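Chemist: got a sequence here, can you model it:
(one chain, ligands or ions: 1)
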Amino acid sequence: MRFDILTLFPEMFSGPLSTSIIGKARERGLLSVEIWNIRDYALDKHRTVDDTPYGGGAGMVMRPDVLVRAIEAVRGDSDAPVIYLSPQGSVFNQQMAAELARLPRLILLAGHYEEIDERVRQNWVDWELSIGDYVLTGGELPAMVVVDAVARLLPGVLGDASSLQEESFQDGLLDYPQYTRPANFRDLQVPEVLLSGHHEQIRRFRLKESLRRTLLRRPDLLQHRELSAEEREILEELVQEYSCEGRVNDDEHHSDH
Ligand code: SAM
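Modeler: Residues are numbered from 1 along each chain as shown. The predicted structure follows:
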């Protein structure tokens with residue numbers, strides 16, 4: 001898969017996209033990332049990329065002539081979608097990452113300053129993606145977030161593909177808690193069942209903890225998901241536990257109960 005990123009700050013990308021799993025995957029040719037400097041498409045002698053907004057107001061607006069020259073040069077005659085990273089876009093999630101991972105090529109446009117000219121957004125942008133309801137100084141970090149989330153779903157990028165099956169959001173639930181050695185750390189014990197070697201009990205324990213986490217931290221996820229008979233049974237157990245306790249465990253700080 002190929003990612004093209006249009007940005008005013010190419011130097012921001014070198015660390016995150018050259019390190020660890022994504023860096024190795026690029027070295028192995030499983031994906032490629034091309035970074036394009038939008039300023040290279042400014043033709044005046046000062047290489048101006050922005051200007052003041054028509055109608056007045058704070059901040060600078062990225063010029064449409066420069067942006068469109070950059071987009072057209074990078075896209076060529078391919079039909080790769082142009083994705084503008086914007087807080088006004090659809091909020092990016094795991095399902096979108098999986099859909100994007102099926103495409104051969106994505107062109108990501110990172111904005112900066114106050115905004116890009118609206119005419120670019122309406123005529124040269126296919127989709128807008130936000131990484132959350134907050135405003136960042138630029139689209140560079142969001143572009144890296146999208147590349148990372150999509151790239152790790154590509155075949156061969158993760159050493160053990162089964163880890164994809166078992167993580168948060170993949171099956172509509174948050175992941176279960178994980179433990180490693182030592183089994184007793186400062187008198188904090190790993191749950192007994194995980195040491196038992198009993199696969200069926202471990203599977204059920206993990207499913208229950210996954211459901212517990214989701215119920216306490218992200219109950220909204222359960223509303224959009226069909227539950228199996230076993231999951232319904234476990235949820236009933238959990239509801240019983242909490243109604244007996246009368247309150248949610250103190251360790252579940254993230255609960256919005
Ligand atoms: N004035 C814009 C607005 O209110 O929608 C915000 C512009 S922001 C300061 C500058 C650039 O950062 C945007 O053009 C966009 O590319 C990027 N950006 C900021 N927050 C973002 C977010 N949550 N998701 C994706 N991109 C974001």
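
Chemist: OK, contacts around the closest residue to Pro10 other than its chain neighbours?
Modeler: Once flanking residues are discounted, Pro10 sits nearest to Ile35: 4.6 Å by CB to CB, 6 or more residues apart in numbering. From N, CA and C alone the C-beta is placed, and that goes for glycine too. Residues near Ile35 by CB atoms under 8 Å, 6 or more residues apart in numbering: 5, 7, 10, 13.

Chemist: so the residue in the chain that the ligand sits nearest to versus Pro81, what's the distance?
Modeler: Closest approach between the chain and the ligand, counting by CB to the nearest ligand atom: Gly111, at 2.3 Å. The gap separating Gly111 from Pro81 is 16 Å, by CB to CB, to the nearest Å.

Chemist: looking at the two, which has the bigger crowd around it?
Modeler: A side-by-side neighbour count of Gly111 and Pro81, using other CB atoms under 10 Å, places Gly111 first with 27 against 15.

Chemist: residue contacts, the closest residue to that one other than its chain neighbours?
Modeler: Nearest non-adjacent residue to Gly111, counting by CB to CB, 6+ apart: Gly139, 4.7 Å away. By CB under 8 Å, 6+ apart, the contact set of Gly139 is 7, 84-86, 108-112.

Chemist: ok, the residue of the chain closest to the ligand - contacts?
Modeler: 62, 84-86, 138-139.

Chemist: cool, Asn184 as well?
Modeler: Taking CB under 8 Å, 6+ apart, one finds Val190 in contact with Asn184.

Chemist: for it, give the beta-bridge partners.
Modeler: For Asn184, the beta-bridge partners are Gln189 (DSSP bridges).
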